[in-house]
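> any chance you could fold what I've pasted below:
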Amino acid sequence: MKKKGFLVFVTTVIMALLLAACSGKESSKSESAEQPEVTDKVVIGVYGGDWEKNIRPSIEKFQEETGIKVEVVAGADAEWFTKIKASNGKNTQYDLLILQPDTIERAVAADLLSPLDAEKVPNLADLYSSVQEKLTFDGQQYAAGFSMGQLGLAYRKDLVPVEPKKWTDLWNPEYKGHVAISSPSYSAGLQFFSGLINAQGGQESNPEDVDAAFESLKELKDSIVAYPDNPGTIQTLLERGEAWIVPFWDGRILALQESGMDLGFVYPEEGAVAAAASWAVTKGSPNELNAYKLLDYLISPEVQKDFSDKSFYGMTNKNVEYSDLLKEKIEIGEEAYGKLKWVDYKTATPQLTEWTNRWTQELGGQ
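Numbering: from 1, shown residues only. Predicted coordinates for the structure are as follows:
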């Protein structure tokens, strides 16, 4: 009996050890599955044209320094949003995207972006707080601010009889027949519409304030020469002198000034409107570790300075050392960014089609 009891005891101990070992392996596998996979590439979505041209040198330098292959895909917010939504947060086609605030809000609401892990993005701590607050939802940052365009009033210095100071100066009778404004279907147009509502002391969320803005625009109708819907058209209107004054972005105008155009630019007293572009990591990114490495690199002061020197936009990292030209012409820093009006996209996005249709019906603009 003693021998039998001893065998039972030994058998029990062996079984317990085997179960513990198996359990340990399963636990190890589970913990391993939760860790991002180590890969040798990263896929990044950037805007095409000059935007891609300006950011590529930094991306190529990142590849050389890290050995990580960066696949650059040129595109735009609408296309990217559709594709990452189709992936439903699993093995998405992109790891890192440059997005506008409205797309970021929609993507966060649809659970398509990863909240940023600050430990993996040390440079995140050096971004202006007034910008990052706009990219924070439920206490978590879902994007890292990058370039900070600001919508104000651009004008032909040699043609305007009186230099503007306010959004409401567009109604100056001396500008009649030479005002260009974009409809809400174009980003600059929506930002202008938001700025106008704000200038009149209203909010996009109040229908009466929206009605008041449309009533004011109807009074401006006879002064409007064109409804441009892209940067090229705005540049042409200014070059030809058909438009004397138009809401546009500070960086774009500085670039045109540097090309030789006799233009002025003013940040309206009622408040310029933010036109921010920010980086976001997609949920289900197959190359998440590399996405974080590239993100931290792109928001570094060195990379932001390089992009600023080429694009003429202010940036979000407080340690950027700007060129003398930009410091002279562009308002930058926490004080400037803290005063910006941001479009209320939660209200504007669902109303955009209605606002655009109303714009067309009442003003005739496309």
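
> the nearest residue to Ala272 once chain neighbours are set aside: what's it in contact with?
Counting by Cβ to Cβ, 6 or more residues apart in numbering, Ala272 lies nearest to Gln150, which is 4.3 Å off, once chain neighbours are set aside. C-beta here means a position set from N, CA and C on the backbone, and glycine is covered the same way. Residues near Gln150 by Cβ atoms under 8 Å, 6 or more residues apart in numbering: 249-250, 267, 272-275, 314, 330-331, 336, 340.

> what of Ala154?
Residues in contact with Ala154, defined by Cβ under 8 Å, 6+ apart, are 234, 238, 245-248, 252-253, 263-265.

> show the subsequent helix or strand relative to the one helix or strand it maps to.
Using DSSP states H and E, Ala154 maps to strand 144-156. As assigned by DSSP H and E, the chain's next helix or strand after strand 144-156 is strand 179-180.

> averaged pLDDT, stretch 214-224. What do you get?
The average pLDDT for stretch 214-224 rounds to 96.

> please identify the buried residues of that stretch?
For stretch 214-224, a neighbour-count test (16 or more other Cβ atoms under 10 Å) marks 214, 216-217, 220, 223-224 as buried.

> which outside residues touch it?
By Cβ under 8 Å, 6+ apart, the residues outside stretch 214-224 that reach it are 170-171, 173, 175-181, 196, 200, 358-359, 362-365.

> centre of the chain to that stretch, how far?
Relative to its chain's centre, stretch 214-224 lies at 30 Å (Cα atoms, centre = their mean, to the nearest Å).

> all strands for the stretch 101-250 of the chain, in order.
136-137, 140-141, 144-156, 179-180, 224-226, 245-249 (DSSP state E, counting those that start in this stretch).

> I'd like to know which of these lies nearest to Glu288.
Closest of the strands of the stretch 101-250 of the chain to Glu288 is strand 144-156, at 14.8 Å (criterion: Cβ to Cβ).

> alpha carbons only: can I get the closest one in CSV?
Extracted C-alpha coordinates of strand 144-156, given in CSV (Å, rounded to 0.1, in the frame of the first residue of the first chain):
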residue,chain,number,x,y,z
ALA,A,144,0.4,64.5,-33.4
GLY,A,145,0.2,68.0,-34.8
PHE,A,146,2.5,68.7,-37.7
SER,A,147,2.0,71.8,-40.0
MET,A,148,-0.1,74.7,-38.9
GLY,A,149,-1.7,76.6,-41.8
GLN,A,150,-3.8,79.6,-40.8
LEU,A,151,-6.6,81.0,-42.9
GLY,A,152,-6.6,84.8,-43.2
LEU,A,153,-7.1,87.4,-45.9
ALA,A,154,-4.7,87.6,-48.9
TYR,A,155,-4.9,90.7,-51.1
ARG,A,156,-3.2,92.4,-54.0
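
> got the angle for that strand vs strand 245-249?
160 degrees (axes from the mean of the first three to the mean of the last three Cα atoms, to 10 degrees).

> just checking: what are the partner strands of strand 144-156?
The pairing partners recorded for strand 144-156 under DSSP bridges are strand 245-249 (antiparallel), strand 263-266 (antiparallel), strand 273-281 (antiparallel), strand 314-315 (antiparallel).

> now mean neighbour count too, for those strands, in JSON lines please.
Output for the strands paired with strand 144-156, formatted as JSON lines (neighbours: other Cβ atoms under 10 Å):
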{"stretch": "strand 245-249", "mean neighbour count": "26"}
{"stretch": "strand 263-266", "mean neighbour count": "19"}
{"stretch": "strand 273-281", "mean neighbour count": "25"}
{"stretch": "strand 314-315", "mean neighbour count": "26"}
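
> reformat those strands as TSV; add distance to Ser300 and mean pLDDT.
What follows is those, written out as TSV (distance: least, Cβ to Cβ, whole Å; pLDDT from 0 to 100):
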stretch	distance to Ser300	mean pLDDT
strand 245-249	24	98
strand 263-266	28	98
strand 273-281	12	98
strand 314-315	10	98
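
> next, format these as JSON lines and append distance to Thr103.
As requested, these are exported to JSON lines (distance: least, Cβ to Cβ, whole Å):
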{"stretch": "strand 245-249", "distance to Thr103": "18"}
{"stretch": "strand 263-266", "distance to Thr103": "27"}
{"stretch": "strand 273-281", "distance to Thr103": "9"}
{"stretch": "strand 314-315", "distance to Thr103": "20"}
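
> which one, of those, ends up nearest to Glu64?
Closest to Glu64 of the strands paired with strand 144-156 is strand 273-281 (Cβ to Cβ; 20.3 Å).

> the helix or strand following that closest one - contacts with which helices or strands?
Counting by DSSP H and E, the element after strand 273-281 in chain order, helix or strand, is helix 288-298. Taking 3 or more Cβ pairs under 8 Å, 6 or more residues apart in numbering; DSSP states H and E as contact, the helices and strands that helix 288-298 lies on are strand 41-47, helix 50-66, strand 96-99, strand 273-281.

> which of the ones you listed sits closest to Gln257?
The closest of the helices and strands packed on helix 288-298 to Gln257 is helix 50-66. By Cβ to Cβ, the value is 15.8 Å.

> give me the residues contacting that closest one.
Helix 50-66 is contacted by residues 44, 46, 68-70, 72, 74, 98, 293-294, 297-298, 303, 306-307, 310-311 when judged by Cβ under 8 Å, 6+ apart.
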